[in-house]
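> let's see this in three dimensions:
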Amino acid sequence: MQFLSFSIILSLAPYFLSAIADQKPFHKPITNNNNMPSLADLLTIESSASIFYSYARELALSEFLSEPASFAETPGRARNGLSLLVPTNKAVMALARKPHQGPSPKDNDEDITISEEEFYKKSKDNVQRWVEAHIIPNSPLTYPAPTTTYDTLLQGKSVSLTSSSGDGQGNEDWQRVTIDDGIRILSMKQASNGVLYLIDGTISVNS
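Numbers count the residues shown, from 1 in each chain. Below is the predicted model of the structure:
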């Protein structure tokens, strides 16, 4: 059995992230009555958010991105579709620790060795939590002033949307909204199974 140290894992992070950004997303297109694209369709053509989709499509929950809004009929799923808070590639690249790395290890954990199997499981768990923190099981979102809170798919994690009435921020309601600590919405696109919000930051997995 092969083992990797955390210091080696950290050194490989830039190559791992670069490979993810270069991947071409693939999914099965869905058929819907109104001919609107699915969330997966929108993510496929949104080149500025390719890193997020490359992470998300490796998870089982990615099937929700291609399903029509009728999947809400299933118990435990979003009633009106999903709202995706999708960070730009620039926002993900700016993270000191990338989504697959998870939180910083304690000082005395730096040189702990783990097996490759443990490493990949831990990485996948970290990605799962990170992606879930960017998905709200409700759509469309509303922004009653001053602040509205929504639960995400990550258990115990919610996000706050603060609406401003300031001038010069655009005519659409979403253009006057900031998320948590000042994250701004860059664009909003309607899908057959929800809404994609492109954002200029990332959502922390911490509650």
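
> how close does the residue lying closest to G182 once chain neighbours are set aside sit to T44?
Of all residues not flanking G182 in the chain, G201 sits nearest, at 7.6 Å (Cβ to Cβ, 6 or more residues apart in numbering). C-betas here are computed from N, CA, C, even on glycine. Plainly put, G201 is 22 Å away from T44 if you go by Cβ to Cβ, to the nearest Å.

> for K90, see how far away G102 is.
Applying Cβ to Cβ, one obtains 21 Å for the distance of G102 from K90.

> neighbour count: those two, which is higher?
Counted by other Cβ atoms under 10 Å, G102 and K90 do not tie: G102 has more neighbours, with 16 against 12.

> let me see the contact set for the more buried one.
Counting by Cβ atoms under 8 Å, 6 or more residues apart in numbering, G102 makes contact with K122, S123, D125, N126, R129.

> at 10 Å what do you get?
Shown here is G102, whose contacts under the criterion Cβ atoms under 10 Å, 6 or more residues apart in numbering are K122, S123, D125, N126, V127, R129, W130, V205.

> may I ask which of those residues has the most neighbours?
The most neighbours of any of those, using other Cβ under 10 Å, belong to W130, which has 25 neighbours.

> now that residue: closest residue in space that isn't a chain neighbour?
By the measure of Cβ to Cβ, 6+ apart, the closest residue to W130 outside its immediate chain neighbours is P99, 3.9 Å from it.

> state the pLDDT value of that neighbour.
At P99 the predicted local distance difference test score is 94.

> may I have the phi/psi pair for it?
According to degrees, to the nearest 10, the main-chain angles of P99 amount to phi -50, psi -40.

> again, but for I183
Torsion angles at I183 (phi, psi; degrees, to the nearest 10) stand at phi -70, psi 130.

> gap between it and K121?
Spatial separation of I183 from K121 under the definition Cβ to Cβ is 30 Å.

> looking at the two, which is more packed in?
Residue environment comparison for I183 versus K121 gives the larger neighbour count to I183, 20 against 12, counting by other Cβ under 10 Å.

> is R57 in contact with T44, as I believe?
Yes: contact criterion Cβ atoms under 10 Å: R57 and T44 qualify, at 9.4 Å.
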